[in-house]
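**Student:** Attaching a predicted model along with its sequence, questions to come.
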Amino acid sequence: MSELIEKLEFFLADRGIYMLTLILFAVAVYGMIACGNYMKKLMCMNMMQVSIIFFFLTFGQKNGGTLPVAIDEVLSAEAYINPLPHALMLTAIVVSLGTTGVGLALLMRIKDIYGTIEEDRITGDGGKKQ
Amino acid sequence: MKENKSRKKLAAGLIIVIIAVGTAAVKIGAFLPTIGDADTPANSYVANYYITNAVKETHSYNIVTAVLADYRGFDTLFETCVLFLSALVTMMVLFGKEKVPKMPVKNLAEDKYSAAFGGDIMDASFRIVVPIILIYGIYVLFHGEISLGGGFQAGALIACAYLLDRIIPSIRMGRGKIKEETALIIASMGAFFYVITGILPMFNGGNFLEFAKLPFGSSLAAESIVKLHTAGILMIEVGVTVCVMGVIIAILEVVLERTDFDE
Amino acid sequence: MNQIADHLPVLVILLPLCGTLLCPIISHFNINAGKRTVITALFLSIVCAVLQLIQVITTGEAIHYWLGGWAPPIGIEFVIDGLNGVVILLVAIISFTTALYSSPFEKLERIDRIHSAGYYSMLAFLSVGLLGLSSTGDAFNLYVFMEITAISGYGLIAVGEDKGPIASFRYLMTGTIGACMYLLGIGFLYAATGTLNMADLADRLTGLMDSPLIVMSAACLIVGFGIKMALFPLHGWQPAAHSYAHPAADPMIAGIMIKIPAYAMLRFFFCIFDEQSHVMQLFFNAIGVMAVIGILFGSLKALRYDTYNKILAYSSIGQVGYIAMGFAIGNFYGIIGAILHIVSHAFMKAGLFYTSGALKYKYGIHDINELGQVYRKMPVTSLTMVICALSMIGLPPFAGFFSKWYLALGAIEKGNYFYVAVLILSSLLGAIYFFRIMEKLFMGEKTAREKELPEKSRFELPWQMLLPLLTVVAAVILLGLFNAYIVNGVLKTTIWEVVLT
Amino acid sequence: MITESLRPALAVGTALLAALLILLFGNRIKPNLREAITLTAAAIMAGLIFSMVPEVLKGNVLISNLWTIADGLSLKLKTDGAGMVFACVAGGLWILTSIYSIGYVRGHHEKNQTGYFAAFAVCLASAIGIALSANLITFFIFYEMLTLATYPLVVHYRDEKAKFSGRKYLAYTLVSGQLFFVAIVFVYVKYGTCEFTPGGFIEPGSMGSGIMCILFFMMTIGGLVKAGVMPLHGWLPSAMVAPTPVSALLHAVAVVKAGVFCLLRVVCYVFGPESAYWCSGSTILCWLAAITVLLSSLVAMRQDNLKARLAFSTIGQLSYIVLGISLLSAYSIAGALFHIVAHAFLKITLFMCAGAIFVTTGLSEISAMRGLSKRMPVTCACFTAASLGIAGLPLMAGFVSKFNILEGALIMGKPFFMVVLVAAALLALTYLIPVVQIFFGRENSAATLNESHGHGGRAGIDAAPAMLIPLVITAVIAIILGCIPNAGLHLYDMAIMAAEEITGGGGVYLAK
Amino acid sequence: MEIRNILTVIFMTAGFISFAASAIGVFRMKDFYCRLHAAGVCESAGLVLCSIGLLIYEGFNITGIKIFMVFLAVFIASPIGTHIIARVAYKRHLQVSAEKELRKEERK
Amino acid sequence: MRIRQKQKLSHLFGLAIGLFALWILLSGKFEIKFLLIGLCSSLVISYICLPFLMIENPDSGKKFFVFGINYLKLFSYCLWLLGEIFKSSLDVIREILKIQMDYEPSIVYFSMPYENPMASVTLANSIILTPGTITIDVMEGGIFEIHALSKSAAEDMLSGDMPKRVASLFGETCEFKPLPELTVTGSEKGGKFI
Amino acid sequence: MKTFFICYLIGIIFLTLLMLIPLFREKSVYNRFTGILVMCTNVILILVLIGFIDGRRDMYVDIAISYAVLGFISSVIVAKFLGSKGGNNGN
Ligand code: NA
Ligand code: NA
């Protein structure tokens, strides 16, 4: 038992965040599927994107590393955390913003047309059942 | 009752999902690199090149900016395009075939206090913030290579300044409004400026976005090449700023036009 | 720009990109000029794509274009070989024809400046996204292009018919899951290797293929690409999206938007991963199962509908299964079949959606029961429909037959007779629903129609719409008759040297 | 000697070009001009084909190696004995059927004439393509083209009945086509070639006999369906709803003949007699054919509709050819090949007669045709001659072929099949002679004398010349071929040549 | 320990008390308006105290000025935000109450 | 007219200088490139923002520049305000931490009709910054509507100390007038429903 | 001193997390909003503190300023939204 706890401790310290991000991802996907409200779906979608962003950023973490903004010309690679995931995730954030924006616009339009954003109440279901 | 039941179902599903993925994640996690380890492939291969060479090659102290604007500038171009595109799509979606009829502009004098947003007089105080945010936005834009920041943040800040100015309804209703189409054009000009910055080196024998070959009277000296990189990064940051600004303003105007906040 | 030839790979994308960015500006001054800018840019893009393909064929080597002048693992590169040279040309052609095809719709709807400019911008962006998706040699760059494609797709679906927004929202949800899955897959790969360049990834993955990271990555990528290409259990978004998208843009959405992810999947599963490894074989079996069920499901589902677009959409689910089956077969002929099917199905489906759009344009027809005797008024449209349908069924000498031929060749070579059985079963099911349509078209009773455009010109449709239809017909026939030139002249070496190594 | 020549390709191309021209301009130009296209193309094509006959007889092979159509396979046309026999028949008969068609459709005021003639031309192009194909993929392409081009002809009337038979036709042909397709791919993968080789390229024992038997039937099923061999004949009587020239085309010239030709190619040029026998495919085929021959005759007797009776007759006669092929002896193969010719002329005569009767008097039921000979003496005479030919009476074309097949059965030592063959010949008499009897009967039914029938029938004697002349010509040819089998194009020689090639030149092949 | 550090600790501890108090206040106060008062404590007093503490620690340099600017930004911006939200609530007829019961009702 | 333009110009440059100073503070770099960019952008921003930084008094129609304040006076005012903030913070914290909560929220009104709207703004903001009081509305005629947390805070407000200091800061001479008849206390049953 | 900052940071983070409770428990939008206001202020402080702990004060202070600006703007937008049709009586 104690051995198990020890293992778990080691695991959480070293890799726990992966677990958390992946669970967050799964929960978000689950929420997207389970929620009947389109707005909630959209929020879950955002959560999913955030979880991926966290996931990437954990790779770039370095013990003892600081922000990837050079202080001086003299550089050693260990002193700074990995800039690549940050750069990539900036792109991912912007992309997710764009997606969310489009999603919100669509929701507004749907609200205009159907008067609701509840999935059950939108009749004439867009092709799922016909 | 019914709702309660479905909620319980959802919760049960959630727990199952968490357990399942948690177990899977434990399994996978064991093979993922240790967090914080400097010797993982992710932290040592290409990343180290960026860290050790960014300042030398691009003169951008912010390595993230160097990666974003120079090494992977092509990604950023399309990232900007994504924003432009989302504004475009938002406009196209919300300006449906049957446009929502615009509310007639009300006579503000009639209903001064309820129409005014923070109170007629207080609204004035918002405006103190606008120039400060603007100058901060410009600061963020031009210090992207030294400090944190860059085109996206700067564009957002400048758009925010406009937003503040725009949603304050009192006194100057209808003045200084940027039409959503104009905003979109501004955004496209920003993105196009980025593209132009990328195309310029092609006239000088370089590849697309190869800042080292920008036709600004470069000599072969390493120093001037670094300067060209700085110039290139600055140019695309300006493009990004303009684009982001236009995008946010366009989306904002579209949304404002439809929702019509001021009853 | 001393030598344009040096920059062809990037010009293919830059031209439509400039077109799409300039379109709102130019439209502000002249609505037609903006439209023409986009169309011209897309045409020039075809020219560049052709030149680039010729360059690849004549030199026999892949073109590597370093964006920003940075060498690959550091920067992003475009890699053009025989494989994606063909795919890029395909995208360019269909983009151009679709843009041309769209122009009469505008007059029909009497839309304003913003809508016109926005529509063409979105269309060109879709093209840019797809071109980038097929050109790039960088895994993350591919994600960005994937999102460009997706967002413009959302827009084009949302501005479509009345249920467009809801179909678009569904697609947005599912598509974003797909994109995130892709990103997650890339994350695992990056964690394992530290690089994002595809060629470099392939190098650094040798010996790592059994690592659970790669297994996870492959699983995520299957889901990601599967959603984007509407592979069977992940196709939920597709029928509504293809049914309710803007009728003018539908050919592009249905024709190539679900094919290019399939191409990207090929890149990942064959060029980056080692397809010989035990793990990959398991994944290919899984893909095979998905493909088989998808083929049967799509074909059976298509039988149930009377809406033309729905039939076409479900048929696409089946046809994407063909492509996936090619991957599952995984030998030379399987891959040839998959690629040829990407190309030929793109033309066929685009052609069928061109006819669908033409029917909507002229008569407002959505339902196949209203098709009766339309062929008298629209012979070219009917001809296109017939040829594309026959090609879809897989009858010689049209393009569809030959992709099926190679797939069957590959499957039998691999000893997988079950796939062959599924192939012919699907052909027969396809025959049922396509001949049903043709029966209605040629033998149905003439029904009352919503509207009927007065005949202004000598032709059944404006020339902008006829040209795409004829292009598709020509492509389907020529691709069928002369596929061997593509296979031997372009694809063969690439596949042996890049894909199956 | 093998020579590269474009002539085989041109023959096919002419018909395709004609189809394209008709389709493009058919509705814009006058019908006369449109028909001129058909006739010109038919004449050119026939000329091209006939011009190749001397070369073939000299032993030269003309090859059109057009281009690579799929990796490792080319679109290739070749003139060999067997192919030329079929090509000559099809090409020659196109002219006659075209003339007859013109008379028929005009007399009958058919709709959609443009599509009709275009599809007709494509059918002929496909038939020639099938005849001259040098490999399986070329063969399959033309084979499926034929399927498709026939479909619009079958559903020509576009009513419910036509739709139904169209569906039935497609169901049969497409399913069998797909199986054929798989078999072709399998053969290509397994043996690395698709070239037709006299005597076959599949070695006995190169795979398990069970599998080879399955492969054999997957390959032959396309042929079996088109040839209407018995469990698979369902579509053929249904397809009778089509206009009579179409039926003539289906039954006599293109479709069913393509079916038996397919069997010939598969049995003799892909599998080869040895393998076909080894996997017991040919034996099963013999039995199928034998049963079909007998059963179809019995069914035919019960049909009152003339076209339906002729349809079942076709089924029987085609199985006769199948039997000849599957007996695997040089005689029987030569006989089978020649029966393609003989049956073509005989059956086309019969159908043309039926069509002429229908157009002139509006009659389609045999029981209503009493005393027709007075109204249409020439037609009835031709019908009688052709009926006798079908039954295999000496001095008629049918005799030569049937005798050869019988001889093959004798040499192969298969007395049962000899009995079947003879019985079938007699049965043919039993269902055709009563028709003749009715024609020449004394009493007249009211309908035969109805002068005012509106289908272009003239008050004068017999049918319109455009219909009458072709059917007289075919009847005469049938008789000439019966007397002098080698008359004109030396078709009989070519058939024997082909059979010898297949069986190894020994004249007699013993597959034991 | 330098006197500078001691001063920093003192100021920041005072700031922390403000922060903690406003957090507690947000929980304990009866209605929205009263909670705004509690929230205001951390925005003004808390942040000022912490900024002074940090400024003393940092000394007068560019970062110090920036810290001061953070505090300035909050000082300019936070009253505006508070005002708008309070006014909106007021105009939207949110009850101003003194009764504890009302708060409970509001919860329901 | 000319005077007005001159005034405008001085406002413009004043604003630009202010912004430039802010820029320098933010940037902390004295390279020519940054200084130039800062200067240019300060000027441009000033030019853009100046029109709406002139606030009109709705009653008299006179325009005032937002930043037109005596900064020395402002500094001393700020110091005083800081002291006030601390004092009232302590009061509020005490109210929060009391075991038995017995504060009595109320809404008080007073009138302070400044001519310069900026003075109203400053007063309102100062009131909000001082814990325990929130400006809910500034109404026509300079009537301030204040929500006060406790009795002492309300009394402080009605003492008029802060409004007078703001008046002196802006050099205004207007009369502070508490409006007790409008005062509503929270103890009224059911609260106030406006 | 670093230890002090870390302890301080933990304390502030605790307070911030505490504010999540009203955010989820309260029904009224306005009451939730007070929680957010406090959180915003806390986060600004947290950012500055992280800068002090990490040794990169200049960077984090910049982030804090940006955060303050964005927080302000978002509160304005929320107020605007609540003041318009979208905001009901706070329930
Ligand atoms: Na490979
Ligand atoms: Na306060």
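**Tutor:** Yep, that arrived. Residues are numbered from 1 along each chain as shown, chains lettered A, B, ... in the order given. Ligands and ions are numbered 1, 2, ... in the order given.
**Student:** Only C-alpha atoms from now on, for both contacts and neighbour counts.
**Tutor:** Noted.
**Student:** all strands of chain E, in order?
**Tutor:** For chain E, applying DSSP state E gives no strands.
**Student:** which bits of it sit near chain G?
**Tutor:** Selection of chain E residues close to chain G by Cα under 8 Å from any Cα of the partner chain yields E:5, E:9, E:16, E:19-20, E:22-23, E:26-27, E:31-32, E:35-36, E:39, E:42-43, E:47, E:63, E:66-67, E:69-70, E:73-74, E:77-78, E:81, E:84-85, E:88-89, E:92-94, E:106-108.
**Student:** just the residues you listed that are near chain D?
**Tutor:** Counting by Cα under 8 Å from any Cα, nothing from the residues of chain E next to chain G sits close to chain D.
**Student:** Is it possible to mark the buried ones in those?
**Tutor:** Among the residues of chain E next to chain G, those that count as buried by neighbour count (16 or more other Cα atoms under 10 Å in any protein chain shown) are E:5, E:9, E:16, E:19-20, E:22-23, E:26-27, E:31-32, E:35-36, E:39, E:42-43, E:47, E:63, E:66-67, E:69-70, E:73-74, E:77-78, E:81, E:84-85, E:88-89, E:92, E:94.
**Student:** Now C:Phe78, what are its backbone angles?
**Tutor:** With angles defined as degrees, to the nearest 10, C:Phe78 sits at phi -100, psi 130.
**Student:** quick one, phi psi at the residue nearest to it when sequence neighbours are not counted?
**Tutor:** Using Cα to Cα, 6 or more residues apart in numbering or on different chains and skipping residues adjacent in sequence, the residue nearest C:Phe78 is C:Thr136, 4.5 Å away. Main-chain dihedrals, C:Thr136, degrees, to the nearest 10: phi -70, psi 150.
**Student:** what does F:Phe144 give?
**Tutor:** The phi/psi pair for F:Phe144 (degrees, to the nearest 10) is phi -100, psi 130.
**Student:** So for it, what's the pLDDT?
**Tutor:** Note for F:Phe144: predicted pLDDT of 88.
**Student:** what residues does the least confident helix or strand in chain C by mean pLDDT touch?
**Tutor:** When each helix and strand of chain C is scored by mean pLDDT, DSSP states H and E, helix C:374-377 comes last, with a mean of 86. With Cα atoms under 8 Å, 6 or more residues apart in numbering or on different chains as the test, helix C:374-377 has contacts from C:Thr381, C:Ser382, C:Leu441, C:Phe442, C:Lys446, C:Glu460.
**Student:** among these, who's most crowded?
**Tutor:** Within the contacts of helix C:374-377, C:Thr381 tops the neighbour count with 27 neighbours, counted by other Cα atoms under 10 Å in any protein chain shown.
**Student:** Counting neighbours, what do you get for the residue lying closest to it once chain neighbours are set aside?
**Tutor:** Counting by Cα to Cα, 6+ apart, C:Thr381 lies nearest to C:Thr355, which is 5.6 Å off, once chain neighbours are set aside. C:Thr355 is flanked by 27 other residues according to other Cα under 10 Å.
**Student:** these two touch, right, C:Thr355 and C:Leu383?
**Tutor:** No: in this structure, C:Thr355 is not within contact of C:Leu383 by Cα atoms under 8 Å, at 9.5 Å.
**Student:** The least confident helix or strand of chain C: what's the following helix or strand?
**Tutor:** Next helix or strand after helix C:374-377 toward the C-terminus (DSSP states H and E): helix C:379-393.
**Student:** For the helix or strand following that next one, which outside residues touch it?
**Tutor:** Using DSSP H and E, the helix or strand that follows helix C:379-393 in sequence is helix C:399-414. Contacts to helix C:399-414, defined as Cα under 8 Å, 6+ apart, come from residues C:322, C:325-326, C:329-338, C:340-341, C:344-345, C:391-396, C:417, C:419-420, C:423, C:476-481, C:483, D:70, D:182, D:185-186, D:189-190.
**Student:** got the buried residues for helix C:399-414?
**Tutor:** Neighbour count says helix C:399-414 has C:399-413 buried, by 16+ other Cα under 10 Å.
**Student:** which one of these is nearest ligand 1?
**Tutor:** Taking Cα to the ion as the measure, ligand 1 lies nearest C:Gly410 of the buried residues of helix C:399-414, at 16.8 Å.
**Student:** which residues touch C:Lys349?
**Tutor:** Per Cα under 8 Å, 6+ apart, neighbours of C:Lys349: C:Pro251, C:Ala254, C:Gly255, C:Leu312, C:Ser316, C:Cys388.
**Student:** The first one contacts C:Thr355, doesn't it?
**Tutor:** Going back to what we said before, that points to C:Pro251. No: C:Pro251 is beyond contact range of C:Thr355, at 9.1 Å (criterion: Cα under 8 Å).
**Student:** give me the number of residues near A:Leu57?
**Tutor:** Neighbours around A:Leu57, by other Cα under 10 Å: 21.
**Student:** if we look at the strand or helix carrying it, which residues are touching it?
**Tutor:** For A:Leu57, the host element (DSSP H and E) is helix A:38-59. Contacts with helix A:38-59, where a contact means Cα under 8 Å, 6+ apart, come from A:17-18, A:21-22, A:24-26, A:28-29, A:31-33, A:35, A:85-86, A:89, A:92-93, A:96, A:100, A:103-104, A:107, A:117-119, B:33, B:35-36, B:42-43, C:173, C:176-177, C:180, C:183-184, C:187, C:191.
**Student:** which ones among the residues you listed are found in helices?
**Tutor:** Counting by DSSP state H, these place A:17-18, A:21-22, A:24-26, A:28-29, A:31-33, A:85-86, A:89, A:92-93, A:96, A:100, A:103-104, A:107, B:42-43, C:173, C:176-177, C:180, C:183-184, C:187, C:191 in helices.
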